[in-house]
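> Quick one: sequence plus predicted model below, questions after.
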Amino acid sequence: MKLSIVVVGLSVTSSWGNGHATTYRALIEALARRGHRVTFLERDVAWYREHRDLTKPSSWTVELYQSPRDVPRRFGKLIRDADLVIIGSYVPDGVAISEWITSQARGITAFYDIDTPVTLARLDQGLDYLAPTMIPRFDLYLSFSGGPVPVMIEQRYGSPMARVLYCSADTDSYKPQRAHTRWALGYLGTYSEDRQPILEQLLLSPARTLPSVQFAVAGAQYPPDIAWPANVTRVEHLAPKQHPQFYAEQRFALNATRADMRALGFSPSVRLFEAAACGTPVISDRWSGIETIFEPSREILLASTPRDVIEILRDMPEERRRAIAESARRRVLADHTADHRARQLEGYYAEATARHRRKSARLLRGRPVQVAELQESLP
């Protein structure tokens, strides 16, 4: 089964302040390796244009467009003929584009919500990229949140089929590196106001308590008024190809979860999988469902207070640190690679297609069949 797939997403060409990029790249590369033909459509906006770190993928296609009107004008046939059309969260004018796609595409249509906790928290207040009335029109809702969330999306919002599709690690790129340890604890992530209290509690506060220990924070868009301790190295931005080396230079990596993700639960971030794939043990804040991703104390370390982090950094034997790192990497390789996600998506496509055929058969049995319809069904 080789599919023609079109993805309309926020940005795949720039990872600057954009966590979607690595998720899309890993998934699409895996799909391409499996023989699928993938085209990614991206709105050409100044912010991402000025910070591009991907220009021409080798095994799939990126097309840039200037306005929503370009989508039907330039890519109408591509979308109508595709086996699977996916539109992602935070796409500019996403509601308008989704309305057109779901009325024109002949194949399966899917909404890929890389921001499920944020979406569900704000959906009824109005979003530019998704409206509640659009959800039943998609054949498939791909959720970044697992556990009970997909069923809730079906029951509350009328999705005909909601399934979890977590982020993953591209294990061809994210793997252990040889490096000299520079930092006891590091964090990689774009600034977020609702995530900053976790960073303050689990990294900055321990840094102030342990002034002789080195820490690092890498990521864009941090406000200039943050008081960084002298022993915290700040890195404005790291391109994805620099991530593995950054993780290799840490004894531990911090995972800090946004408030909406913590509240909903079952919402792992891409950095969680990538750090583990690089062989760096992760210290994470606590949230419901994390035990379904990694086993606490064996594959991941959980912390609630600065003291928890300080005790880990100061007291954990090196042998145990390495064992946790190795266990987490084995879990990623077993369950959370990009190839796993590509296979899941193939399964969801097959399920949605079968469901669509059953629905069409029921409709045909329920009304007289027109001559034109019979002619169209003939080989």
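Received, thanks.

> what are the ranges of the strands in the stretch 251-379 of the chain?
Taking DSSP state E, counting those that start in this stretch as the test, the strands found in the stretch 251-379 of the chain are 282-284, 301-302.

> Can you give me the buried ones in the longest helix along the chain?
In the chain, with assignment by DSSP state H, the single longest helix is helix 338-365. For helix 338-365, burial by neighbour count (16 or more other Cβ atoms under 10 Å) applies to 338-342, 344-346, 348-349, 352-353, 356. Using the backbone N, CA and C atoms, a C-beta is placed for each residue, glycine as well.

> before we move on, back to that, nearest approach to L203 belongs to which of the strands of the stretch 251-379 of the chain?
For L203, the closest of the strands of the stretch 251-379 of the chain is strand 282-284, at 9.1 Å, according to Cβ to Cβ.

> Number of residues surrounding the closest residue to R178 other than its chain neighbours?
Setting aside the residues directly before and after it, R178 is nearest to A248 in space (Cβ to Cβ, 6 or more residues apart in numbering), at 7.2 Å. A248 sits with 18 neighbouring residues when counted by other Cβ atoms under 10 Å.

> Next up, the contacts around A248.
P176, Q177, R178, A179, C278, G279, T280 (Cβ atoms under 8 Å, 6 or more residues apart in numbering).

> ok so, going back, which one of the buried residues of helix 338-365 is nearest Q66?
Looking across the buried residues of helix 338-365 and measuring by Cβ to Cβ, the closest to Q66 is L345, at 28.9 Å.

> picking that back up, from the contact counts, what lies against the longest helix of the chain?
Applying 3 or more Cβ pairs under 8 Å, 6 or more residues apart in numbering; DSSP states H and E, one finds that helix 338-365 contacts helix 20-33, strand 108-113, strand 140-143, strand 162-164.

> among those, which is nearest R195?
Closest among the helices and strands packed on helix 338-365, once you apply Cβ to Cβ, is helix 20-33, at 16.2 Å.

> Let's test this: mean pLDDT of the helix or strand following the closest one, rounded?
Once the chain leaves helix 20-33, the next helix or strand it forms, by DSSP states H and E, is strand 37-43. Strand 37-43 comes out with an average pLDDT of 98.

> Mind listing residues that contact stretch 42-50?
Against stretch 42-50 from outside (Cβ under 8 Å, 6+ apart): 8-14, 16-18, 62-67, 91-92.

> Which pLDDT value belongs to the residue nearest to R178?
You'll see A248 listed with a pLDDT of 98.

> Throw the buried residues of helix 338-365 into a markdown table and include distance to I310 and pLDDT, thanks.
Shown next, in a markdown table, are the buried residues of helix 338-365 (distance: Cβ to Cβ, whole Å; pLDDT from 0 to 100):
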| residue | distance to I310 | pLDDT |
| --- | --- | --- |
| A338 | 35 | 98 |
| D339 | 38 | 98 |
| H340 | 35 | 98 |
| R341 | 36 | 98 |
| A342 | 41 | 98 |
| Q344 | 39 | 98 |
| L345 | 42 | 98 |
| E346 | 45 | 98 |
| Y348 | 43 | 98 |
| Y349 | 48 | 98 |
| A352 | 49 | 98 |
| T353 | 53 | 97 |
| H356 | 55 | 82 |
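
> can you list those in a markdown table and add distance to I28?
Below are the buried residues of helix 338-365 laid out as a markdown table (distance: Cβ to Cβ, whole Å):
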| residue | distance to I28 |
| --- | --- |
| A338 | 9 |
| D339 | 12 |
| H340 | 14 |
| R341 | 10 |
| A342 | 9 |
| Q344 | 14 |
| L345 | 10 |
| E346 | 13 |
| Y348 | 16 |
| Y349 | 15 |
| A352 | 19 |
| T353 | 20 |
| H356 | 24 |
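
> How about the backbone phi and psi for S15?
phi -100, psi 0 (degrees, to the nearest 10).

> Hmm, it is touching A21, no?
Yes: the pair S15 / A21 is scored as a contact, 4.0 Å apart, by Cβ atoms under 8 Å.

> the strands in the stretch 1-150 of the chain, which residues?
Under DSSP E, counting those that start in this stretch, the stretch 1-150 of the chain gives strands at 4-9, 37-43, 61-65, 84-88, 108-113, 140-143.
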